[in-house]
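**Student:** missing the sequence, but the structure's below:
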């Protein structure tokens with residue numbers, strides 16, 4: 001029996017290939033497609049199970065496609081996004097595109113790989129400059145000394161944690177050079193203090209904008225004996241500094257994580273520590289919202305304007321994390337924007353599903369007990385210089401309730417609830433530095449729990465083997481003696 005030529009389904013013209021030849025050609029195309037998908041999985045460190053779950057298909061279906069079954073065209077776009085390949089490129093490999101379009105996917109793929117190479121080179125340069133010591137405080141000091149001979153700066157590192165010590169921030173204390181009788185004088189006039197601060201900011205403008213520092217109030221720096229002027233102490237974040245994606249980001253974990261909680265819950269600390277395990281970027285939404293939405297001038301940074309900006313950014317990251325939050329752990333602690341955003345999300349809620357889908361971003365919610373609010377209220381009443389002010393217990397309760405309602409509609413695997421349980425001695429209003437250390441130890445332990453959840457449920461790295469500060473703390477274990 002001889003195979004007869006048949007009409008080509010795509011062209012409508014005579015296809016001189018026999019059915020056996022067409023089956024062989026289709027098999028070769030499918031083999032080429034499967035090889036490309038497997039290579040992409042290997043490059044990203046993804047298992048078939050992890051990739052299938054992120055693409056919204058069953059692992060069995062993806063395994064069957066790789067072994068020879070035809071992929072579902074409706075799922076091919078989602079799979080392409082997960083493995084980092086162009087949708088058109090995968091279609092072209094399968095022979096699904098007309099001949100006249102066959103070179104378009106290759107050009108797009110080549111262009112995207114070139115952009116990735118440029119971005120990778122840029123990250124290597126950033127890493128190299130970090131290794132040779134270009135930290136935020138040194139950038140500020142260098143720019144100040146290059147632009148002025150009237151100022152000197154003293155730099156000291158700040159460690160946080162009692163059981164788990166972490167380089168947390170760096171203090172930069174400024175003083176004006178001059179005759180000995182004038183050099184150590186400290187002005188008590190707010191206008192003079194503000195003039196000096198503005199002068200320093202202008203002299204270090206480039207470094208100031210890149211490192212996100214903030215001024216400490218004199219009442220909170222009186223214990224710094226080495227600072228000649230307690231009204232000119234700048235804090236440059238280290239652990240909580242906004243960081244870009246690293247050189248080797250973990251690609252197995254779904255690529256967007258929100259760590260949310262009310263103030264004092266430690267969401268910012270937990271998010272920053274978790275990002276180091278994944279080698280992802282990290283950002284504090286409260287600090288970044290103004291820059292991301294173009295709010296630059298101090299006169300524009302009123303609380304209603306900032307609340308609106310934070311809510312707008314959070315809503316976009318929640319609804320479309322693939323757009324601006326890939327390989328990013330972002331922390332969110334502003335109560336008013338949480339209330340505003342989740343109330344809007346409730347109005348836009350999707351219809352009930354028999355089985356909620358796993359939606360991005362993954363959410364780590366840190367829930368706090370009522371005793372914490374009582375502690376904060378009492379502490380702030382005793383010491384008004386503490387940052388944050390009094391918390392409104394009703395607003396906090398409403399914010400936590402809205403978050404829980406939202407999470408209840410998600411797939412269980414897409415969120416993790418952690419509970420902050422501060423040690424009793426931390427709630428007895430001890431000295432400020434002791435209190436900070438005890439709470440920070442709790443934040444580290446919560447970050448351990450979040451990392452273990454990612455490892456057990458989403459294929460994340462084991463803390464015994466992972467990179468970053470958090471994994472180092474895990475392997476080192478808690479200190480038995482106070483520092």
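**Tutor:** Great, that's in hand. On a predicted model such as this, the values are computed, not experimentally measured, just so you know.
**Student:** what packs against the helix or strand harbouring residue 454?
**Tutor:** Applying DSSP states H and E as the criterion places residue 454 in helix 432-458. Where contact means 3 or more C-beta pairs under 8 Å, 6 or more residues apart in numbering; DSSP states H and E, helix 432-458 is packed against strand 151-160, strand 166-176, helix 267-278, strand 362-367, strand 415-419, helix 468-476. To be clear about C-beta, it is placed using only N, CA and C from the backbone, and glycine gets the same treatment.
**Student:** which one, of the ones you listed, ends up nearest to residue 220?
**Tutor:** strand 166-176 (11.1 Å; C-beta to C-beta).
**Student:** give me the angle between that closest one and helix 267-278.
**Tutor:** 120 degrees (axes from the mean of the first three to the mean of the last three C-alpha atoms, to 10 degrees).
**Student:** just the angle between strand 166-176 and helix 468-476, please?
**Tutor:** Using the same axes, to 10 degrees: strand 166-176 against helix 468-476 is 130 degrees.
**Student:** in its sheet, what does strand 166-176 sit against?
**Tutor:** Applying DSSP bridges, strand 166-176 is found paired with strand 151-160 (antiparallel), strand 233-237 (antiparallel).
**Student:** mind listing what's buried in the helix holding residue 454?
**Tutor:** Under the neighbour-count criterion of 16 or more other C-beta atoms under 10 Å, helix 432-458 has 435-448, 450-451, 453-455, 458 buried.
**Student:** so the residue most central in space within the chain, which of the three states?
**Tutor:** Among the residues of the chain, the one closest to the centroid is residue 329, at 2.0 Å (C-alpha atoms, centre = their mean). With DSSP: H, G, I helix; E, B strand; the rest coil as the basis, residue 329 sits in strand.
**Student:** wait, what's in contact with it?
**Tutor:** 257-259, 271-272, 274-275, 278, 280-283 (C-beta atoms under 8 Å, 6 or more residues apart in numbering).
**Student:** one more time with 6 Å
**Tutor:** Contacts for residue 329 (C-beta atoms under 6 Å, 6 or more residues apart in numbering) come out as 257, 271, 274-275, 280, 282.
**Student:** can you give me the strands in the stretch 1-150 of the chain?
**Tutor:** For the stretch 1-150 of the chain, the strands defined by DSSP state E, counting those that start in this stretch occupy 6-7, 14-15.
**Student:** circling back: from residue 143, how far off is the residue nearest to the centre of the chain?
**Tutor:** 30 Å (C-beta to C-beta, to the nearest Å).
**Student:** now residue 397
**Tutor:** 46 Å.
**Student:** and the two? which has more neighbours close in?
**Tutor:** Remark: of residue 397 and residue 143, residue 143 carries more neighbours, 17 against 13, as counted by other C-beta atoms under 10 Å.
**Student:** tell me the confidence at the more buried one?
**Tutor:** Per-residue confidence (pLDDT) for residue 143: 84.
**Student:** same deal with residue 445?
**Tutor:** Listed pLDDT for residue 445 reads 94.
**Student:** can you check residue 404 too?
**Tutor:** 90.
**Student:** what sits against it?
**Tutor:** Here residue 404 is in contact with no residue (C-beta under 6 Å, 6+ apart).
**Student:** and it, how far is that from residue 35?
**Tutor:** For residue 404, the distance to residue 35 - C-beta to C-beta - is 46 Å.
**Student:** picking that back up, lowest average confidence across the strands of the stretch 1-150 of the chain, which one?
**Tutor:** Among the strands of the stretch 1-150 of the chain, strand 6-7 carries the lowest mean pLDDT (a mean of 44).
**Student:** sorry, back to before: could you say which of the strands paired with strand 166-176 is packed most deeply?
**Tutor:** Highest mean neighbour count of the strands paired with strand 166-176: strand 233-237, a mean of 21 (counted as mean count of other C-beta atoms under 10 Å).
**Student:** what is the mean pLDDT for that one?
**Tutor:** Rounded mean pLDDT across strand 233-237 is 87.
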